[in-house]
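> from the sequence below, what's the structure:
(chains A and B)
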Amino acid sequence: MGVSIFIQQVLNGLTLGAVYTLIALAFSLVMGILGILNLAISEIFMIGAFVGFSLITAGVPVWIALIGAMIAAALVSIVIARIGYEPLRNANHITPMLSTLGFSMILQNLATNTWGSDPMQLTLEGWLETRFSFGLVSLSVVQIVVFVVTVGLCVLTALLIQRTDIGRALRAVAENREISRILGVRPRRMILVAFALSGLLAGAAGVLVGLHYSVITPYIGVEIGLKAIAVMIVGGATNIWGALLAGPLIGILEVLTVAYGGAAMRDFVVYGFMIVILLVRPQGLLGGSSKTSGGRV
Amino acid sequence: MILSVRDLQVSYGAIPGIRKIDFDVAEGEIVAVIGANGAGKSTTMKAITGLLPFQGKIAYKGADLAPMRAEQNLANGLALVPEGRGILTRMTVEENLRMGAYLRRDTAQVETEIAATYERFAILGERRSGIAGYLSGGEQQILAIARALLARPKLLLLDEPSLGLAPLMTEQIFAFISEFREQGLTVLLAEQKSKHSLAVADRAVLFSMGEVVASGAARELAEGSLIRDTMMAL
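So this is what the prediction gives:
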């Protein structure tokens, strides 16, 4: 019985961690190029969730709703890049960060006015309702969808960054903007690409969280977004793939804490873990690798 | 003339970097820009490439470069190997080379040329999967030149390619530059090492304090004492 509950909690933690990983990657993509935390990503994630929910509720198939939410989130992200970042790109790093914080408040306000502040619920129907049971352990189709989409998007992001011209250009801009220019890269275009990719990932994470919890509010961005920042820090500020390790780790830690220590202990343990990592290994669990050190992209 | 620089002035804020520079580069020739530290060589190279705004006129193949961005200049055949090599230290050797061909769309030809690069510069072939930041200074310089060649430049700008290199590696780098002449590539070479530069160049321009103080055939300048006296005076 005890082992079954433990396995169940680990599976639940992996699902939650998968979503954290996606949002942490969204933060990393912008952080890597610009060196700033785009604080609006949490709310872009929330917008993705609402757009996805609205499309599914309107009868749009889940896969198309997922893509629609990703595109909507990417567009919001591009608007933030154009209006909230570009005019401030030569200012001190704190200035564009504050600008993205302002955008996050606007997005939350926009969502409250559009969808209301009450929780929006989704009734899963058809194949999404299916659960597979293995003794006392069960796995829902939604959990499988979350895993598959997260792994798929991580693999696609990895391939894009490591194997394509765009990925190399993003990394070139992250390492040395002037050198990237003499190689023919347009840094401003790459900044938009980074914001767009970041929005795509955050939007997907929004839909997945919505499916997982079946309920969303305009305030989910803050809580989950902050966890994703913790994932980014724990994974390693100098390694782009630290989130792949830290996401599931923090997801499992959080779920096990709730299961065995009570919900009141959840944030204490997660953020306490982040602070311990900052104190004993400031570069994060995977930080310091030569190939990916410095710029995170 | 493939490149014509007239009354070039570049300032860093209120500080004048270049006061008045005039020179030309004809197609197929190697022109050396010689001068001590702070003479304005790198500033000139950056202005030509599109990395710095300037006053005066720079014309490349007759077209005014003032409104052109760096990537447009590269697309038009103007490639820079910057001072300090400018390799992407976190990328592999191969990724650096691929970045050299970033604007090219003839993928198959690029693959052929990368393979040829590994044959021509054996050390790059041996270290193709290695992190470029771990190469020696000389190897990094070879990588930076090979990367620029993959852009298929018409005019190659080399900014202090021998800076910080051991004598043997310096000889090798200048041997490569001599080969460029045989291939018909036009080269603008900024250097402090006047002896080496004049040996490979057709013509030379001597910079001092942001101005041209002498210019002429490289052989004539090598025979006179003007360059030595100017460099000694600084």
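
> and for A:Ile224, the neighbour number?
Using other Cβ atoms under 10 Å in any protein chain shown, A:Ile224 has 21 other residues around it. Quick note: C-beta positions are derived from backbone N, CA and C, even for glycine.

> and whatever helix or strand it lives in, what does it pack onto?
Per DSSP states H and E: A:Ile224 is located in helix A:220-235. Using 3 or more Cβ pairs under 8 Å, 6 or more residues apart in numbering or on different chains; DSSP states H and E, the elements in contact with helix A:220-235 are helix A:2-34, helix A:41-57, helix A:94-115, helix A:187-213, helix A:242-261, helix A:266-280.

> quick one, that helix and helix A:242-261 angle?
110 degrees (axes from the mean of the first three to the mean of the last three Cα atoms, to 10 degrees).

> buried set for helix A:220-235?
A:220-221, A:224-235 (16 or more other Cβ atoms under 10 Å in any protein chain shown).

> cool, and stretch A:147-164?
Here stretch A:147-164 shows A:Phe147, A:Val149, A:Thr150, A:Leu153, A:Cys154, A:Thr157, A:Ile161 as buried, counting by 16+ other Cβ under 10 Å.

> which bits of the stretch 101-250 of chain A sit near chain B?
A:165, A:168-169, A:171-172, A:175-176, A:178-179, A:181-186 (Cβ under 8 Å from any Cβ of the partner chain).

> can we see that at 6 Å?
Within the stretch 101-250 of chain A, the positions near chain B by Cβ under 6 Å from any Cβ of the partner chain are A:Arg168, A:Ala172, A:Glu175, A:Ile179, A:Arg181, A:Ile182, A:Leu183, A:Gly184, A:Arg186.

> which one among those sits at the bottom for pLDDT?
Within these, pLDDT reaches its minimum at A:Glu175, with 90.

> just checking, that one touches B:Thr89?
No: with contact defined as Cβ atoms under 6 Å, A:Glu175 and B:Thr89 do not form a contacting pair (7.0 Å).

> so which residues of chain B form strands?
B:3-12, B:15-25, B:30-34, B:55-60, B:63-64, B:78-81, B:155-159, B:186-191, B:203-208, B:211-217 (DSSP state E).

> mind listing what's buried along the fourth one?
Translated: strand B:55-60. B:Gly56, B:Ile58, B:Ala59, B:Tyr60.

> quick one: the helices in chain B?
B:41-49, B:70-75, B:93-100, B:107-120, B:122-126, B:137-149, B:167-182, B:194-200, B:218-223, B:226-233 (DSSP state H).

> same list (those helices) but as TSV, adding distance to A:Gln9 and mean neighbour count.
Shown next, in TSV, are those (distance: least, Cβ to Cβ, whole Å; neighbours: other Cβ atoms under 10 Å in any protein chain shown):
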stretch	distance to A:Gln9	mean neighbour count
helix B:41-49	58	25
helix B:70-75	52	21
helix B:93-100	42	24
helix B:107-120	49	14
helix B:122-126	51	15
helix B:137-149	51	23
helix B:167-182	60	15
helix B:194-200	70	20
helix B:218-223	77	16
helix B:226-233	74	14
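
> Serialize these to a markdown table and add fields for distance to chain A.
Listed next are the helices of chain B as a markdown table, based on distance: least, Cβ to the nearest Cβ, whole Å:
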| stretch | distance to chain A |
| --- | --- |
| helix B:41-49 | 6 |
| helix B:70-75 | 4 |
| helix B:93-100 | 5 |
| helix B:107-120 | 10 |
| helix B:122-126 | 17 |
| helix B:137-149 | 8 |
| helix B:167-182 | 18 |
| helix B:194-200 | 22 |
| helix B:218-223 | 26 |
| helix B:226-233 | 28 |
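
> for A:Leu139, which of those is the nearest?
Checking these against A:Leu139 by Cβ to Cβ gives helix B:93-100 as the closest, at 39.8 Å.

> and the contacts of that closest one?
Contacts to helix B:93-100, defined as Cβ atoms under 6 Å, 6 or more residues apart in numbering or on different chains, come from residues A:168, A:172, A:183, B:87-88, B:114, B:124, B:127-128, B:130, B:132, B:143, B:147, B:150-151.

> and these, which two are the farthest apart?
Pairwise over the contacts of helix B:93-100, using Cβ to Cβ, the maximum falls at B:Gly130 and B:Ala151, 22.1 Å.

> if I pick A:Ile252, what's in contact with it?
A:Val10, A:Gly13.

> of all the strands of chain B, which one comes closest to chain A?
strand B:78-81 (4.9 Å; Cβ to the nearest Cβ).

> residues making contact with that closest one?
Here strand B:78-81 has contacts from A:Ile182, B:Thr49, B:Ala144, B:Ile145, B:Ala148, B:Ala151, B:Pro153, B:Leu155, B:Leu156, B:Leu157, B:Leu158, using Cβ under 6 Å, 6+ apart.

> which secondary element of chain B has the worst mean pLDDT?
Lowest by mean pLDDT, DSSP states H and E among the helices and strands of chain B is helix B:226-233, with a mean of 63.

> where does the prediction get shaky in the chain?
Assuming you mean chain A. A:1, A:237-240, A:288-297 (pLDDT under 70).

> actually, chain B is the one I wanted.
Those would be B:225-234, if you go by pLDDT under 70 across chain B.
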